[in-house]
Structures are given as structure tokens and as C-alpha cells.
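1. just the structure for this:
(one chain, ligands or ions: 1)
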Amino acid sequence: MYFPAYRMRRLRQTPQIRNLVRETDLLPDRLIYPLFVTHGNDIRSEVGAMPGCFQLSINNLVKEARELLKLGIPAILLFGIPAQKDEAGSGAYDEEGIIQMALAALKDAVPELVLITDVCLCEYTSHGHCGIVQGGQVDNDLTLELLAKMALSHAEAGADIVAPSDMMDGRVAAIRGALDNEGFTGTPIMSYAAKYASAFYGPFREAAESVPAFGDRRSYQMDPRNSDEAVRECLLDIDEGADIIMVKPALPYLDVIQRVKQETKFPLAAYNVSGEYAAIKAAAANGWLDEQQAVLEALTSIRRAGADMIVTYHARDVAAWLGR
Ligand code: PBG
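-> Below you'll find the predicted structure:
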């Protein structure tokens, strides 16, 4: 049926009609808000390249978490900044480490909030790499033990979901084994399965103080030129026991999000990373973009591509804009 019998514009006439025929929703209960927690008291220090994002001490983190819950955000993703860094990243699996203490405080204050923890050594190692360095290389199998230890200590401290982001081979199986051995059979793993070696992580490394001291992460993170490989990464992680898989970054990889969803049918998270956030924030601050419209359009596109949930630094603003 062609024009003039069929007219596409009939269903675009009013907001009510447009809502009735819309194919994609963007609701706060699909959003995960990343937060950076640091030692000290009453700290709220803004990250230069991420306006609106802060390194928070535990007391301010708890305050923030209460507000997020009120806004309708169901989950946070926690990154820790340790007091000291060393070669083995020992702050990562210290019972009194920053994340472990933050989890205890949050579990107490906001038990309904889903607490997801990033499991990776890069914030905790003196060289800033995501694993143990031996002879100038990140050693995969030595790193697995430490990641398993880290994930377990998070679960013991109250993490609801653990999220490995290191990109070592076999880490999901190692973490699943460690959790199950200690009775945490019910703790889900959200695996950063297809994580690309991306320029868009720049601002995060300032926030998490995790710039690698030498080299880059291309020997463990994925090559941006590949997408068959992303599907293989996801299938491997699912085989090893991942409950939720993730594609990261999001906007430059919408094709990967779509493929992975179609080929796995698994619960899928997309990480709208720091550089994606910074780009919109900078353009908006210059008056070059309407921030609210640009953010809602960008996040809707990530949902439309196939992500079930979105990790985003815009989560708080979006929840406030959309109301409850
Ligand atoms: C840790 C980690 C990174 C991000 C999340 N977890 C950085 C990296 O791999 O260098 C990036 C998040 C962002 O840019 O928002 N491995």
C-alpha cells in the first residue's frame, strides 16, 4: 500500500499517539549508576573531565545512595580508590579495603539498592594494569587467583552482583568456582564480556586513578575492529557461568550490542562509558547540544540496539528528568 492510501505521518500527530506506537522504553529501572568511593571523611571531589561525577567518601556515598533509591534507580556499580597501591593490588581483596567497607555501610543503610562491584585490579596496582605484571607482561593465570579472591571478598562484604572487567581469559569460571566453594551460589556474575580497548575510557582513568604506567591495555582488551570476536567472548563467558554479559563502550558499538543480543539471547548490559558522557557534557556546556534531549536520544538508542540495562553516568539526571 503506497501513498496516498498509506501515510506514515498519521501515527506521528500527537505525543499520545506517538507513545502508543513507540517500540522502545527508557525507564530509570533499567539504569545502573557508577560511583567512585575513596578514603577520608566528607569528601566530594568532582572529576575534572566528568562534571557532575564525584569521588565520594563513604558517608557521602551513603547519602547519595539514599537519593538514588528515591529517584527510582535500582542499582549502583562501585569503583574503589585505595589508600595505597602495590604490585599485587592487595587493596582489592583486603577485608578492610575501601570497597569492603563501603559495602558494609551501604548494606546497612540502603538494603534494597542492588550493589554491583567492579572486579579488576587496575585501581589497586602501582602500575595501573588490570593484572599481575611479570616480565613486562600481564600474566593471565596468576591474575585469576587474585580476581577470584577479590570477587569473594566483595560477596562476603555484601555485594549483590560481582562484575569482572579485567578481560583475563577464564576469569568467570575462576570467580564462579570461588564463590560456589564458599556458599555464594546465589551471587550473579555480570561479566564485561566484550570490552574494547577504547579511547573513550580516558576520563574514567582520571576518576579511578588508574592510568597504566606503561604501555596500554591492547594485549587483553578487544580490538575495536572486531565483532565476531565479541560474540565468541560472550559465548565463552556464558559457558563459564556468566549470568549477565556486557558490551562496552556502548554508542560506538551499537552494532555489537545488537549482534550479541540476537546471538546469545542473554541478559545484556551496555556500558555508556566516561568518554561518551564527557563528550555530551562538554558540547552541552558550550551550548552546542541540548543536554537532556541528546542524553535521552543516546540512551534510547542503546536500548533500541538490544541492551536490557545501561550502566551510565547520566543515570541520576535521567531519573530526575523522567520523574517517578
Ligand atoms: C577497569 C575499568 C575501566 C572502566 C570500567 N572498569 C577502565 C579501563 O579498562 O581502563 C571504564 C569505564 C568508563 O570509561 O566509564 N578495568
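2. so where's this structure shaky on pLDDT?
-> By pLDDT under 70, the low-scoring segments of the chain are 324.
3. what does it put close to the ligand?
-> Contact residues, the chain versus the ligand (CB under 6 Å from any ligand atom): 118, 120, 122, 130, 165, 201, 204, 205, 217, 273, 274. (C-beta placed from N, C-alpha, C; glycine too.)
4. which of these sits closest to residue 310?
-> Proximity of those to residue 310, judged by CB to CB, is greatest for residue 273, which lies at 11.0 Å.
5. burial count for that closest one?
-> Applying other CB atoms under 10 Å, we find 25 other residues in the vicinity of residue 273.
6. phi, psi of it?
-> Residue 273 adopts backbone torsions of phi -80, psi 180, taken as degrees, to the nearest 10.
7. longest helix anywhere in the chain?
-> If you go by DSSP state H, the chain has its longest helix at helix 140-157.
8. list of residues touching the helix or strand following that one?
-> Next along the chain after helix 140-157, taking DSSP states H and E as the criterion, comes strand 161-164. Applying CB atoms under 8 Å, 6 or more residues apart in numbering, the contact partners of strand 161-164 are 75, 77, 114-120, 147, 151, 154-155, 171-172, 175, 179, 187-192, 243-244, 246.
9. so what's the gap between stretch 54-69 and the chain middle?
-> Centroid separation for stretch 54-69 versus its chain: 17 Å, with CA atoms, centre = their mean, to the nearest Å.
10. do a quick rundown of the helices in the chain.
-> Using DSSP H, helices in the chain cover 15-21, 58-71, 98-109, 140-157, 171-181, 202-207, 228-240, 254-264, 274-285, 291-305, 315-322.
11. redo these as a markdown table? Include distance to residue 85 and mean neighbour count.
-> Formatted as a markdown table, these follow (distance: least, CB to CB, whole Å; neighbours: other CB atoms under 10 Å):
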| stretch | distance to residue 85 | mean neighbour count |
| --- | --- | --- |
| helix 15-21 | 50 | 9 |
| helix 58-71 | 19 | 18 |
| helix 98-109 | 12 | 20 |
| helix 140-157 | 14 | 21 |
| helix 171-181 | 21 | 20 |
| helix 202-207 | 14 | 19 |
| helix 228-240 | 28 | 18 |
| helix 254-264 | 32 | 19 |
| helix 274-285 | 20 | 19 |
| helix 291-305 | 33 | 18 |
| helix 315-322 | 28 | 18 |
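12. and of those, who's closest to residue 6?
-> Comparing the helices of the chain under CB to CB, the one sitting nearest is helix 15-21, at 14.6 Å.
13. quick one, phi psi at residue 74?
-> Main-chain torsions, residue 74, degrees, to the nearest 10: phi -90, psi -20.
14. wait, what's in contact with it?
-> Counting by CB under 8 Å, 6+ apart, residue 74 makes contact with 28, 29, 31, 32, 113, 114.
15. which among these gets closest to the ligand?
-> Closest to the ligand out of the contacts of residue 74 is residue 32 (11.7 Å), distances taken as CB to the nearest ligand atom.
16. number of residues surrounding that closest one?
-> Per other CB under 10 Å, the neighbour tally for residue 32 reads 22.
17. show me the contacts for it.
-> 73, 74, 75, 76, 77, 116, 269, 309, 310, 311, 312, 315.
18. gap between the last one and the ligand?
-> Same thing as residue 315. Distance check for residue 315 against the ligand: by CB to the nearest ligand atom, to the nearest Å, it reads 12 Å.
19. before we move on, back to that, mind checking which of the contacts of residue 74 are buried?
-> Among the contacts of residue 74, those that count as buried by neighbour count (16 or more other CB atoms under 10 Å) are 28, 31, 32, 113.
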